[in-house]
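# Fold the following.
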Amino acid sequence: MRKFQLFCIALLLLTTARLLGQDVRYNFDKTADFSKFKTYTWVEFKNAKPVDDLTDKQIKAELDDALGQKGLTNRLWLKPGYLRRNYRSS
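So this is what the prediction gives:
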């Protein structure tokens, strides 16, 4: 029983350390009226470090779903009202 308690404490500490290690940053125009946007598209930045293909597909699928629930449509061929790019830092 004592080993199980130590294992749980160690797992809790490792999980907490992992969660606190995340550094999330975002930037947007606080004066923009996002309710006017109806479309978006994915763009690639030349100097951004890309994520692996599987992760990129998963992130895009999740965000496409979330943005779709808000009424936005992904437009690959039309001029979008909103540009969205996903990237990570090393």
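# for this structure, what's the longest helix?
Secondary structure of the chain read by DSSP state H shows that its longest helix is helix 2-20.
# pLDDT of it, averaged?
What helix 2-20 shows for mean pLDDT is 78.
# shaky segments in this protein?
Scanning the chain for pLDDT under 70 picks out 17-23, 77-90.
# Can you list the residue ranges for helices in this protein?
Secondary structure of the chain by DSSP H: the helices cover 2-20, 53-69.
# Can you tell me which of those helices is nearest to K36?
Closest to K36 of those is helix 53-69 (C-beta to C-beta; 14.6 Å). Quick note: C-beta positions are derived from backbone N, CA and C, even for glycine.
# Who are the packing partners of the closest one?
Secondary-structure packing of helix 53-69 (3 or more C-beta pairs under 8 Å, 6 or more residues apart in numbering; DSSP states H and E): strand 73-74.
# What strands line up against the strand it packs on, and which way round?
strand 39-42 (parallel) (DSSP bridges).
# buried stuff in the strand it pairs with?
For strand 39-42, a neighbour-count test (16 or more other C-beta atoms under 10 Å) marks Y40, T41, W42 as buried.
# hang on, the first one packs against G71?
No. In this structure, Y40 sits apart from G71 without contact. The criterion is C-beta atoms under 8 Å, and the distance is 11.0 Å.
# closest to L67 among the buried residues of strand 39-42?
Using C-beta to C-beta, the buried residues of strand 39-42 come closest to L67 at Y40, 6.2 Å.
# burial measure for K60, as a count.
Neighbouring residues of K60 were enumerated by other C-beta atoms under 10 Å; the total is 14.
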